[in-house]
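[1] structure for this input, please:
(one chain, ligands or ions: 1)
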Amino acid sequence: MQERRGQSWWEPMTISRYYDKTALEAQVQAGRHREAVGGLWDEIGQLQIDFLVSQGLMPHHRLLDIGCGSLRGGVKLIRYLDAGHYAGVDLHESLINAGYEINSRRRG
Ligand SMILES: C[S@@+](CC[C@H](N)C(=O)[O-])C[C@H]1O[C@@H](n2cnc3c(N)ncnc32)[C@H](O)[C@@H]1O
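    Numbers count the residues shown, from 1 in each chain. Below you'll find the model as predicted:
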């Protein structure tokens, strides 16, 4: 198993880190909203949409993304789905806001 700083590679992805609201919000404030959800932004975002499309997701379908974070998959899914067919919820409003605002600016 791959090790990083003495921890198992999957440790940074465990759910418990999302309950340290102060640490997470500090990371978001520092502009690190992509790292806050685990990094590998393009790879994991693409993996999510590729998997869902391979399972039959079509643009006219509606998708509820529970734990959408800063929209790593959401950015691609919003583009793929018909307008208004994507909804995301997350424990941390700041993550959604950072993803929404920054990704909107990059698009514009
Ligand atoms: C590994 S991140 C993945 C985020 C996003 N799905 C992505 O692929 O980038 C897990 C997300 O689940 C959220 N989360 C954890 N527990 C949750 C809960 N009980 N309800 C809603 N969201 C939760 C976290 O805040 C975090 O944004």
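[2] so Leu52 sits against Leu77, correct?
    Yes. At 7.4 Å, Leu52 counts as touching Leu77 under the criterion of CB atoms under 8 Å. Yep, even glycine has a C-beta here, placed from its N, CA and C like the rest.
[3] between these two, tell me which one has more neighbours.
    Taking other CB atoms under 10 Å, Leu52 and Leu77 do not tie; Leu77 has more neighbours (22 against 19).
[4] once you drop chain neighbours, what's closest to that one?
    Distances taken as CB to CB, 6 or more residues apart in numbering put Tyr86 closest to Leu77, at 5.3 Å, once the chain neighbours are dropped.
[5] tell me the pLDDT of the most centrally placed residue in the chain.
    In the chain, the residue lying closest to the centroid (CA atoms, centre = their mean) is Arg72, at 3.4 Å. pLDDT for Arg72: 96.
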